[in-house]
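**Q** dropping the sequence and predicted coords here.
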Amino acid sequence: MLDRLVTEVTDGILEALDVVAPLRLTTLRARVKPWVTQELRNLMRSRDDAYRTYLRNLSASAHARYRQLRRSVKNLLDTAKNAYIAGRLASASSPADYWRTLRGIGIASHSTPSPLKFFTPDQLCRYYASVSSASSAIDADAAIASLASASDRLGTATFSFQHVTPLDVELAMNKCRSTSCGSDGVSASVLRLASPALYTHLARVFNLSFELGVFPTAWKSASVVALAKVPSPATPSDTRPIFLLPEISKVLERLAHAQLMDYLSRHNMLDTSQHGFKSAHSTQTALLELTDAVRGAIEKKKITLLVSFDFSKAFDTIDHTLLIEKLRRIGCNTLALRWFISYLSDRRIAVRCEDGSLTASCCTTSGIPQGSVLGPLLFAVFINDLHTVLQHSNHIVYADDTQIFAHDYPDRILHLIQCVNSDAESVAAWASRSGLKLNPSKTTVLLLGSLAFLTKLKSTWLPRITVQGASIEYSAIVKTLGIKLTPTLNWEAQTSSIISRCHFALFSLRYYRRALSQSVRKTLVTALVLSHLDYAPAVYDSVTQEQNLRLQRVQNACVRFVYGSIPRTAHVTPYRLALGWLSVRRRREMRIALLALEILRGGSPSQLRAPFKLLADHPEIRTSPRRIRPLVYYNTKRTGALTKSFTHTASRILSTLPFEITLANPASSYKKLIFNHLFALDKNDWQARCITENLTLIPSSLTNILSFTPS
């Protein structure tokens, strides 16, 4: 009955779509260059004729004529192409059209050749299916029977799916943002257009699914688009599959996800150090938990030993039977378990060919559904008990990225290594029991601490960490969650990495700078270049003045690209201020302040919230009546390590804001105020520098754009 209802919904949408927007057969033609006019073609023929004439007689006059025509063709081609691109961008009716045009001319994306040029679709389909068949298919009845007598549950709470209303369906459907089309042929845009007529009917289908403990069969098929990881893939492992699931199935998944996440949050069942797939958590909060712990250890004259693990294809190899067992342990009742078993089992994939057709489908028996909404949360549940095997170490987890670390005094380094090694072997044993493959060759070890202690330890022979029989060498740099960590938390490697990525992105834009207006160049630089500066800025905020200057020069290069006409010897600062951009240092400070306010207001992550001290909780602390009472207070730390911590840095920034902050308001409500304050400080710095160095405050070209308050 459920599958029949699902078929009726899908067929009804497709029939209506065939009436109002029927599919049409089109012929793909070679890409033309619309800016090449007949006049240009004639000139190009004249250029070619001149070249042939020169080859025949090799005279100086013939060569000069050919070079003149070649130069004319190049100039006219560049002018015509730039005018065409500028016209297309000016006529874009929406941001989607805008970015589509940029992708069309190769600015907003760097495409690699299709893997279908190197492998047949059937080869790729069989490979992807083999990766997701690491364990045998789950037997629903046997699994339920074996779990019925088990009693080792976490707490007494019970999870069961609740009835959903048409309003719940509407809210879930409004979150559909995908632009792709799943295996059923119904895109998210079509689904939203038809949604008013579907809310009640879909609520009936979804409730029936929960009541029967069955996930619709038609929604278990995924079409796969293969992308290349490298320009010339040698094996199928050099490709990346993009799984496209039916959009309607994602609405049901969102409802199931919301109920399960609410249950886990209310009963505090998720590992507090898991920073993936949770609200108010991110790679940045995970890294801050780690770096602040390292700085706290340095304050206590301790060193830190870190082990970063690498799991091979963790999402694809999860054993469904083990996952169902872990769902039972957190309190899922029998009907909910049957629904999850149905959701995971009997899934099929098919690779999409270049002509849009699909290969014969292949069955998968392990892993969580890629491209799904519910899958990441199920993975978090699966890996949730990893920390229980640790006896000596702390840990941070983001999805399958796992790090364990412990602190001790330098003269107890051998004991520290022994303890961490014991926990590393425990993690390896847990991975083996859980059916996950640990990759020792990509597992890294890093010793962190003050320069003095680390220098002293260099002269000491240190035993290595051993994982599954493999001896892991101590690293000088460990890259985790996109950030390069060094033993002393010196950010030279990370700074160089950011600069390299920014310059590469800026280099790729230079060919089109004359075709783009200033506003378009500003938008592109903000989205494609400066975004590299904005990834986890709170983590590396303690860069040195020299490193900060190098980052500032990257932003200066962006300013020059946006304007395109700044004299080479002119100072860039007033032009940056005219664009309304903060300096890189204050850009980081703004993001730190906003992140701190979100943590203080929401209370999570708890490890980052705990060190903050709200002044409202300590009325005994006196403050000057002539200044605004700050939100937080902080003490001066004994060492430079903790003064660079996130807690201390954020408290210092918040305490200097010239306006009152209350946690009753969301952090976003203070964004403009914080920006205006920091921007005013940037302007004051430039004014002071102009006075000191006798510089021109405002270039003549900016007199109508930029203004300063007389100091």
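**A** Great, that's in hand.
**Q** show me where the stretch 351-500 of the chain has strands.
**A** 362-364, 394-398, 401-408, 437-438, 444-448, 465-467, 470-472, 478-480, 483-485 (DSSP state E, counting those that start in this stretch).
**Q** do you know how far the residue nearest to the spatial centre of the chain is from residue 441?
**A** Computing the C-alpha centroid of the chain and ranking residues by C-alpha atoms, centre = their mean puts residue 283 first, at 8.3 Å. For residue 283, the distance to residue 441 equals 23 Å [C-beta to C-beta, to the nearest Å]. Placement of C-beta: from N, CA and C, glycine included.
**Q** what does residue 513 give?
**A** 43 Å.
**Q** the two: which has the busier surroundings?
**A** Counted by other C-beta atoms under 10 Å, residue 513 and residue 441 do not tie: residue 513 has more neighbours, with 15 against 10.
**Q** for the more buried one, give its distance to residue 85.
**A** 11 Å.
**Q** and for residue 606?
**A** 50 Å.
**Q** so which of the two has more stuff around it?
**A** When residue 606 and residue 85 are compared for neighbours, residue 85 comes out ahead with 21 against 12, by other C-beta under 10 Å.
**Q** any idea which helix or strand carries that one?
**A** Using DSSP states H and E, residue 85 sits within helix 60-90.
**Q** show me which residues of that helix are buried.
**A** Using 16 or more other C-beta atoms under 10 Å as the test for burial, helix 60-90 gives 62-63, 65-66, 69, 73, 76-77, 80-82, 84-86, 88-89.
**Q** stretch 96-104 too?
**A** Buried residues in stretch 96-104 (16+ other C-beta under 10 Å): 98-99, 101-102.
**Q** any idea of the mean pLDDT in stretch 274-294?
**A** The average pLDDT within stretch 274-294 is 94.
**Q** and it, what's buried?
**A** Quick answer for stretch 274-294 (16+ other C-beta under 10 Å): 274-278, 280-294.
**Q** just the C-alphas of it, formatted as PDB.
**A** Listed in PDB are the C-alpha atoms of stretch 274-294, where the atom choice follows Å, rounded to 0.1, in the frame of the first residue of the first chain:
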ATOM      1  CA  GLN A 274      31.600  15.400  18.400                       C
ATOM      2  CA  HIS A 275      31.500  18.600  16.400                       C
ATOM      3  CA  GLY A 276      30.100  17.200  13.100                       C
ATOM      4  CA  PHE A 277      26.400  17.400  12.200                       C
ATOM      5  CA  LYS A 278      25.400  19.400  15.200                       C
ATOM      6  CA  SER A 279      24.000  22.900  15.500                       C
ATOM      7  CA  ALA A 280      26.500  25.500  16.700                       C
ATOM      8  CA  HIS A 281      29.400  23.100  16.000                       C
ATOM      9  CA  SER A 282      31.800  23.200  13.200                       C
ATOM     10  CA  THR A 283      35.400  22.400  12.200                       C
ATOM     11  CA  GLN A 284      36.400  25.700  13.700                       C
ATOM     12  CA  THR A 285      34.900  24.800  17.100                       C
ATOM     13  CA  ALA A 286      36.600  21.400  17.000                       C
ATOM     14  CA  LEU A 287      40.000  22.900  16.300                       C
ATOM     15  CA  LEU A 288      39.500  25.600  19.000                       C
ATOM     16  CA  GLU A 289      38.800  22.900  21.600                       C
ATOM     17  CA  LEU A 290      42.100  21.300  20.600                       C
ATOM     18  CA  THR A 291      44.300  24.400  20.400                       C
ATOM     19  CA  ASP A 292      42.900  25.900  23.700                       C
ATOM     20  CA  ALA A 293      43.600  22.600  25.400                       C
ATOM     21  CA  VAL A 294      47.200  22.700  24.100                       C
END
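**Q** can you give me the neighbour number for residue 355?
**A** Once other C-beta under 10 Å is used to define contacts, residue 355 is seen to have 6 neighbours.
**Q** gap between it and residue 121?
**A** For residue 355, the distance to residue 121 - C-beta to C-beta - is 10 Å.
**Q** what does residue 141 give?
**A** Distance from residue 141 to residue 121, by C-beta to C-beta: 36 Å.
**Q** go on, residue 144?
**A** 37 Å.
**Q** looking at those two, which is more packed in?
**A** Between residue 144 and residue 121, residue 121 has the larger neighbour count (other C-beta under 10 Å), namely 20 against 17.
**Q** who's in contact with the more buried one?
**A** Residues near residue 121 by C-beta atoms under 8 Å, 6 or more residues apart in numbering: 226, 351-353, 359.
**Q** list buried residues within these.
**A** Neighbour-count burial within the contacts of residue 121 applies to 226, 351-352, 359; the criterion is 16+ other C-beta under 10 Å.
**Q** residue 407 against residue 301, yeah?
**A** No: Residue 407 is not in contact with residue 301 according to C-beta atoms under 8 Å; the separation is 10.2 Å.
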